[in-house]
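[1] Sequence first, then the predicted structure:
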Amino acid sequence: MEPIHACESLDEVRANIDRIDAQLVDLIAERGAYVTQAAQFKKSADGVKAPARVNAVIAKVRGLAETSHADPDLVEAVWRTMIEHFTKAEMKDFKRR
Ligand SMILES: O=C(O)C(=O)C[C@]1(C(=O)O)C=C[C@@H](O)C=C1
C-alpha cells in the first residue's frame, strides 16, 4: 500500500479516491480478462463453478485484508460479488461451446 498522505482539502481527498477508483476498475477489467481465459480450460459446469477454488480465493483475500488493515468482511463481500458475476459469465461461455 502507498503511504497515506494527509490531505489539506476535500478536493484533495476526492482526487485520491478518484485515482484509486480508476486503478481498481482497471484491475477488475484485467482480472476479468483472465477469468474469461479460465473458462477455455474447463470441461464441466462443476469445473466452471469451482467451489473449492472460490473458498481458497476468499480465504486468501481475507488474509490479505487483515495484513493490509482492510475490513475482511468488506473484502469478502466484494470478492463474492465479483466471483458470482464472473462465474455467470463463464457459464454462459461454457454453454455456448
Ligand atoms: O479460478 C477459476 O477457476 C476461475 O474461473 C476464476 C474464478 C474467480 O473469479 O476467481 C471464477 C469462477 C469460479 O467460480 C472460480 C474462480
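    That came through fine. Everything numeric here is computed off the predicted structure, so don't read it as measured data.
[2] Find the residue closest to the spatially most central residue of the chain in space, skipping its chain neighbours.
    Nearest to the centroid of the C-alpha atoms of the chain, with distances taken as CA atoms, centre = their mean, sits Trp79, at 4.9 Å. The shortest distance from Trp79 to any residue that is not its chain neighbour, by CB to CB, 6 or more residues apart in numbering, is 5.1 Å, and that residue is Val61. C-beta: built from backbone N, CA, C; applies to glycine.
[3] How many neighbouring residues does the one you found have?
    By the criterion of other CB atoms under 10 Å, Val61 has 18 neighbours.
[4] Packing partners of the helix or strand where it lies?
    Taking DSSP states H and E as the criterion, the element that holds Val61 is helix 51-68. Under the contact criterion of 3 or more CB pairs under 8 Å, 6 or more residues apart in numbering; DSSP states H and E, the helices and strands touching helix 51-68 comprise helix 72-96.
[5] you'd agree the residue nearest to the centre of the chain is up against Asn55?
    No. Judged on CB atoms under 8 Å, Trp79 makes no contact with Asn55 at a distance of 11.2 Å.
[6] and the angle from the longest helix anywhere in the chain to helix 72-96?
    When every helix of the chain is counted residue by residue (DSSP state H), the longest turns out to be helix 10-40. Orientation check (axes from the mean of the first three to the mean of the last three CA atoms, to 10 degrees): helix 10-40 against helix 72-96 gives 40 degrees.
[7] Export only the CA atoms of the next helix or strand after helix 10-40, formatted as CSV.
    Counting by DSSP H and E, the next helix or strand C-terminal to helix 10-40 is helix 45-49. Written as CSV, here are the backbone C-alpha positions of helix 45-49 (Å, rounded to 0.1, in the frame of the first residue of the first chain):
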residue,chain,number,x,y,z
ALA,A,45,-20.3,-27.0,-15.3
ASP,A,46,-18.9,-28.0,-11.9
GLY,A,47,-15.4,-27.1,-13.1
VAL,A,48,-16.8,-23.6,-14.1
LYS,A,49,-18.2,-23.1,-10.6
